[in-house]
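Engineer: Prediction below, plus the sequence it came from.
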Amino acid sequence: MSDTPAVSVDGLVMRYGDKVAVDGLSLTVEQHTITAVLGPNGAGKTTTLETCEGYRSPQQGSVRVLGLDPVRQRKELHPRIGVMLQGGGAWSGVRAMEMLRHLAKLHAHPLDVDMLAERVGLADCGRTPYRRLSGGQQQRLGLALALVGRPEVVFVDEPTAGMDPQVRRTTWELLEELRADGVTVVLTTHYMDEAERLADRIHIIDHGRLVASGSPLELIRGGTVTTIRLVVTRPFPPGAPDSLRAALGDETVVSQLDAVSLLVTGPADATTLAKVSRWCEEQGVLPESLQLGQRNLEDVFLELTGKELSP
């Protein structure tokens, strides 16, 4: 394996008018891995990936993919990468298989089109015009278009959005097979189970900055490792997270998941559970469930960004 990263982002800054979308971001993607880039909506992940794909020029900093500048060395790089956009990528009136065969002819050594269509689940809709495909079917076609040219690096944006569970699992298996064959996969996703299942490494960005990197296990084990999930029978009173945090101490992070659920992250033992129960009594709320356990990747994301990962 070459020592050159598949993707290298160094001090990237991107602005839209007065808004800083990417703020001095640096990260690397090693070759022959699956790397997930996660972040809340507006975190800068799409702008970052579009810059890696050559659709935008860095305003400050640098980006290299397979050691090449995606803008200045576009002709050298583009035959070696595949890009799956979250939406679009095909003419509205073209039939799915027509689009796939057309794109295959533009590559020197494309994959077998019929085999690829079967693997991504296009066989039953190959003669359907793009505009009449369901969201999940459009995603399948987008993935096939990204893979047909045998890329060395493939960027996939929300690869399983809108897919049914069976096709979703098949897509996971296909991405894992690509990694085994030496392809580097860079993906964004709003599904935590997808990132946890597939990714060798995860980069979490927020407000255009890198806030954490590591394998799923490293991120879950890092810092505080225990959580308490408190679910009550009716909505919490205003200021509940701050009130509970004050009762538990500064080492604890309290995040409100929804109107009736709180997540407590920090040192948790029998004494902590007793304090939570006492707080519930003082606030006049009735617990429906009180669960102690290790945090998961969703807990880590919420702790780092203060937001849930949602479409």
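Structural biologist: Received the coordinates, thanks. It should be emphasised that the depicted structure is a prediction, and the values quoted were computed from it without experimental measurement.
Engineer: For the rest of this, base every contact and every neighbour count on C-alpha atoms.
Structural biologist: OK.
Engineer: what about the most far-flung residue of the chain relative to its centre, helix or strand, and which?
Structural biologist: Going by CA atoms, centre = their mean, the residue of the chain most distant from its centre is residue 282, 40.0 Å out. Secondary structure from DSSP states H and E places residue 282 in helix 270-283.
Engineer: got the buried residues for the following helix or strand past that helix?
Structural biologist: Under the assignment DSSP H and E, the closest C-terminal helix or strand after helix 270-283 is strand 287-294. Using 16 or more other CA atoms under 10 Å as the test for burial, strand 287-294 gives 287, 292.
Engineer: Show me which residues of whichever helix or strand comes after strand 287-294 are buried.
Structural biologist: As assigned by DSSP H and E, the chain's next helix or strand after strand 287-294 is helix 297-305. Buried residues in helix 297-305, counted by 16+ other CA under 10 Å: 297, 298, 299, 300, 301, 302, 303, 305.
Engineer: Run the chain-centre distance for helix 297-305.
Structural biologist: Remark: helix 297-305 is offset 13 Å from the chain centroid, using CA atoms, centre = their mean, to the nearest Å.
Engineer: what does that helix contact?
Structural biologist: Under the criterion CA atoms under 8 Å, 6 or more residues apart in numbering, residues 39-40, 192, 196, 204, 206, 211, 216, 219-220, 253, 255, 307-309 lie in contact with helix 297-305.
Engineer: Give me the contacts around stretch 129-144.
Structural biologist: 84-96, 100, 116-117, 120-122, 125, 156, 159-164.
Engineer: Strands - which of the residues you listed land there?
Structural biologist: 84, 156 (DSSP state E).
Engineer: Just the buried ones from the contacts of stretch 129-144, in PyMOL syntax?
Structural biologist: Buried members of those, defined by 16+ other CA under 10 Å, are picked up in PyMOL with:
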select buried, resi 84+85+86+89+90+95+96+100+116+117+120+121+122+125+156+159+160+161+162+163
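Engineer: which ones among the contacts of stretch 129-144 are found in helices?
Structural biologist: Of the contacts of stretch 129-144, the ones assigned to helices by DSSP state H are 96, 100, 116, 117, 120.
Engineer: Verify the stated contact: the third one with residue 148.
Structural biologist: Yes - contact status for residue 116 versus residue 148: in contact at 7.4 Å, counting by CA atoms under 8 Å.
Engineer: Only alpha carbons, please: show stretch 33-44 as CSV.
Structural biologist: C-alpha atoms of stretch 33-44 as CSV (Å, rounded to 0.1, in the frame of the first residue of the first chain):
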residue,chain,number,x,y,z
THR,A,33,-10.4,2.0,3.7
ILE,A,34,-13.9,3.1,4.2
THR,A,35,-14.0,6.6,5.9
ALA,A,36,-17.2,8.3,7.0
VAL,A,37,-17.4,12.1,7.3
LEU,A,38,-20.2,13.0,9.7
GLY,A,39,-21.6,16.3,10.7
PRO,A,40,-24.8,18.2,11.4
ASN,A,41,-26.6,19.9,8.5
GLY,A,42,-24.5,23.0,7.6
ALA,A,43,-21.3,21.6,9.2
GLY,A,44,-19.4,21.9,5.9
